[in-house]
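S.K.: next input, structure requested:
(2 chains)
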There are 2 protein chains.
Amino acid sequence: MNSVASSLNNRGIRLSNASVPVVHEVEIMDEAGRKKTTFIPGERSLTIYLDKREVVTLMTLGGAPEALVLGYLRNQRLVEFPEDIESIQVDWETDSAAVKTRRSHVDIDALTSKRVVTTGCGQGTMFGGLMDEMAQIKLPDGPQLGAEAIIDLLEAIRSHETIYKKAGSVHACAVFERLGGNQVRLLHLIEDVGRHNAVDSISGLLWLEGRVGRDLVFFTTGRLTSEMVIKGAQMGIPFLLTRSGVTQMGLSLARGINLTLLSRCSGKHFEIYNAPERVVLQSRHDN
Amino acid sequence: MNSVASSLNNRGIRLSNASVPVVHEVEIMDEAGRKKTTFIPGERSLTIYLDKREVVTLMTLGGAPEALVLGYLRNQRLVEFPEDIESIQVDWETDSAAVKTRRSHVDIDALTSKRVVTTGCGQGTMFGGLMDEMAQIKLPDGPQLGAEAIIDLLEAIRSHETIYKKAGSVHACAVFERLGGNQVRLLHLIEDVGRHNAVDSISGLLWLEGRVGRDLVFFTTGRLTSEMVIKGAQMGIPFLLTRSGVTQMGLSLARGINLTLLSRCSGKHFEIYNAPERVVLQSRHDN
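M.R.: Prediction:
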């Protein structure tokens, strides 16, 4: 269960590989008194220590803990560049993630002093003036995404083997690459008990890979609340898709930065809430 | 929109009444290019000031802001008794909730120093050693709840006028009173963009009313993650029901404190995950 294997990736960051089995079989009773077995997702605490300073405890499925830590540090602006990180060691014996940076001194207290508990289904935390940052972001016009690519993307999600299919009670986030000619390719799909964890993990992976957002499409099963739109915008991704809905502030933020927002995406159905000019409804096969 | 009306309740707390309209009409485009109007829930920030000290910013639907603030203060252990609170004034001009206590001095820094970002769909915050508290809680055996009462309860939820029906993208929490003889009565139903906000608001209302948990049944549309079970347990409610699922830590906590946990509750269907002896599946009409 406790992986201590670690490897240097192409950023020179030493990462453990502590993904844990995430589904548990339990015995339940139905309304007729019949005993059954079913599956539920795991949920474990992971306390992040940044240069030996305790930063936060996240509750997570544990499927991609190193990516989660990376994305959390990125999205909370606790680390500026991936290269600043020397190593991330996740240890499930102690439910901890030890992050070592190459920085000589950073005032973590100052960085973590302002806390915003965001919507979500929960009360997420964000440090610092992320809302201020949003005022600086303006996504350029284009690129475009065709309806066929959107439908292919939704089919790729539907047919993917997931924890959700087995146990329910998790949220998924996925990121796709636009290949042009109405094609998309799944890069990452991450599930977690919290959708903020899932988006943070995706963000961590993209950061590690040095991918820019312009050619990406982001999908989530969860609602696009303000925090989700902010995180999408921070990754520079022009397309945010959700199987679920959108809140008023999520939409308002998307309008402010020219982000294409699609809601109620399922099967061949989707609703465009903002910047529809990026969506090609006719089968023009242009890009 | 900005209510400044306030009233003294039976606890002698002066509360504003700043519930705001929570659904917005927006124009969207569907996959065939047809323009439509639809409704989305509001989402606004609410910064809590406790005796002029900034504590946190919550993102909320704004339907029951005073109850939310009360429940947040209760569940984060920032206020010990409702009587300690002199007033809560919510002002949407400044998106703030000013809480005035009758306490001469409390070390808020110490209270807020330990942060746990909990699962949820988000990364909720909880201060202090709530997990330690859980080790102290053990719900007594009994009372019992009949299957008919459970089905009546689910029907009451289903037929209730909700934001969800109009706009989606919100979670509901509700609390019912067991009346004996297989009867239940809806006391409160609260919707919010975050399920943690909804449970906090319910918790705040019960605190204000001085209700103990033994005769109550709690229902949520959201998943029963660790934090939801902890909050249910803190209210002393022996029955937690969800339309959704359960995580492994949520179940583990429920087992530890002898809490009856029902999952996948919908229509006439439910699954009992823990303490089934409190559920009367035969129509015995006992209590």
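S.K.: for chain A, give me the ranges with low pLDDT.
M.R.: Low-confidence segments of chain A, defined by pLDDT under 70, span residues A:1-8, A:10, A:105-129, A:283-287.
S.K.: helices of that one, start to end?
M.R.: In chain order, chain A shows helices spanning A:65-75, A:108-111, A:130-134, A:147-159, A:163-167, A:195-209, A:226-234, A:248-257, with DSSP state H as the criterion.
S.K.: for the third one, packing partners?
M.R.: The one in question is helix A:130-134. Helices and strands touching helix A:130-134, as assessed by 3 or more C-beta pairs under 8 Å, 6 or more residues apart in numbering or on different chains; DSSP states H and E, comprise helix A:226-234, helix A:248-257. In short, each C-beta sits where N, CA and C put it, glycine included.
S.K.: please repeat the previous calculation with a cut-off of 10 Å.
M.R.: Secondary structure elements in contact with helix A:130-134, counted by 3 or more C-beta pairs under 10 Å, 6 or more residues apart in numbering or on different chains; DSSP states H and E, are strand A:115-118, helix A:226-234, helix A:248-257.
S.K.: now do the contacts for the spatially most central residue of chain A.
M.R.: Centroid check for chain A by C-alpha atoms, centre = their mean gives A:V199 as the closest residue, at 1.1 Å. By C-beta atoms under 10 Å, 6 or more residues apart in numbering or on different chains, the contact set of A:V199 is A:68, A:71, A:75, A:171, A:173, A:175, A:190, A:192, A:218, A:220, A:222, A:227-228, A:230-232, A:234-235.
S.K.: and what of A:W207?
M.R.: Under the criterion of C-beta under 10 Å, 6+ apart, the contact partners of A:W207 comprise A:11, A:67, A:70-71, A:73-75, A:79, A:81-82, A:85, A:235.
S.K.: can you check A:F39 too?
M.R.: A:F39 makes contact with A:22-26, A:163, A:165-169, B:245, B:248, according to C-beta under 10 Å, 6+ apart.
S.K.: again, only using 6 Å
M.R.: Residues touching A:F39, when contacts are defined by C-beta atoms under 6 Å, 6 or more residues apart in numbering or on different chains, comprise A:23, A:25, A:166-167.
S.K.: ok, back up a step: adding neighbour count, write the contacts of A:W207 out as a markdown table.
M.R.: What follows is those, written out as a markdown table (neighbours: other C-beta atoms under 10 Å in any protein chain shown):
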| residue | neighbour count |
| --- | --- |
| A:R11 | 15 |
| A:A67 | 25 |
| A:L70 | 28 |
| A:G71 | 27 |
| A:L73 | 27 |
| A:R74 | 23 |
| A:N75 | 23 |
| A:V79 | 21 |
| A:F81 | 10 |
| A:P82 | 18 |
| A:I85 | 25 |
| A:M235 | 21 |
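S.K.: out of these, who's nearest B:N274?
M.R.: A:A67 (32.2 Å; C-beta to C-beta).
S.K.: right, and the closest one touches A:D200 too?
M.R.: No. Assessed by C-beta atoms under 6 Å, A:A67 is found out of contact with A:D200, at 8.0 Å.
S.K.: so stretch A:187-198, near chain B or not?
M.R.: Yes. Part of stretch A:187-198 sits near chain B under the criterion C-beta under 6 Å from any C-beta of the partner chain, namely A:193-196.
S.K.: could you do stretch A:210-224 as well?
M.R.: Yes. In terms of C-beta under 6 Å from any C-beta, part of stretch A:210-224 sits within range of chain B, namely A:222-223.
S.K.: what residues does the stretch 151-287 of chain A put near chain B?
M.R.: A:168-169, A:193-196, A:222-223, A:225-226, A:245-249, A:269-273, A:276, A:281.
S.K.: what subset of the residues you listed is buried?
M.R.: Applying a neighbour-count criterion of 16 or more other C-beta atoms under 10 Å in any protein chain shown, the buried members of these are A:168-169, A:193-196, A:222-223, A:225-226, A:245-249, A:270-273, A:276, A:281.
S.K.: separation between A:R243 and chain B?
M.R.: A:R243 sits 11 Å away from chain B, going by C-beta to the nearest C-beta, to the nearest Å.
S.K.: where does that residue fall, phi/psi-wise?
M.R.: A:R243 has phi and psi values of phi -70, psi -20 when expressed as degrees, to the nearest 10.
S.K.: good, we can wrap up now.
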